[in-house]
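Student: next come a sequence and a model predicted from it.
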Amino acid sequence: MTSGTCDAGKPLRLTHRGRVLVVLAGVLALLGAFTVGRASLAAAPDASSPPAHPAATVVVQPGQTLWDVAAAVAPGGDRRVTVERILRMNRLANSALSPGRTLRVPGPR
């Protein structure tokens, strides 16, 4: 038998270093698959959010409420849903508005 070959009848045996390398390669393969999976999930649109629509902007007038803005941008629509969308689009913690503020609002469907 020459160096680097094995007899056909004998099973191949790994040294301690060889076993460590095989386990390490498996761990790296799993880590790579996990990273690719997370990246594809991050790129996928959120199924719970409504589909993206063009956004418009409005400037809040004195005395105007978020409910009023929702009624103006989505007449005939469910104002509660429109208010929630405006809150999310503008990352607002509550419905308090100040005059002169520019808000992103849902565009036409």
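Tutor: All right, it came through fine.
Student: burial measure for Val73, as a count.
Tutor: 19 (other Cβ atoms under 10 Å). Heads up, the C-betas are built off the backbone N, CA and C, glycines and all.
Student: now do the SS call for the nearest residue to it once chain neighbours are set aside.
Tutor: Nearest residue to Val73 in three dimensions, chain neighbours excluded: Val105, at 4.5 Å (Cβ to Cβ, 6 or more residues apart in numbering). At Val105 the chain is in strand, as set by DSSP: H, G, I helix; E, B strand; the rest coil.
Student: got a pLDDT number for Val105?
Tutor: We have a pLDDT of 92 for Val105.
Student: same check on Leu12?
Tutor: The predicted structure lists Leu12 with a pLDDT of 80.
Student: quickly find the element holding it.
Tutor: Under DSSP states H and E, no helix or strand contains Leu12.
Student: how close does it get to Gly18?
Tutor: Distance check for Leu12 against Gly18: by Cβ to Cβ, to the nearest Å, it reads 9 Å.
Student: so which of these two has more stuff around it?
Tutor: Gly18 (11 against 6).
Student: downstream of whichever strand or helix holds the more buried one, the next helix or strand is which one?
Tutor: Gly18 belongs to helix 16-43 when assigned by DSSP H and E. Elements were assigned by DSSP H and E; along the chain past helix 16-43, the next helix or strand is strand 55-59.
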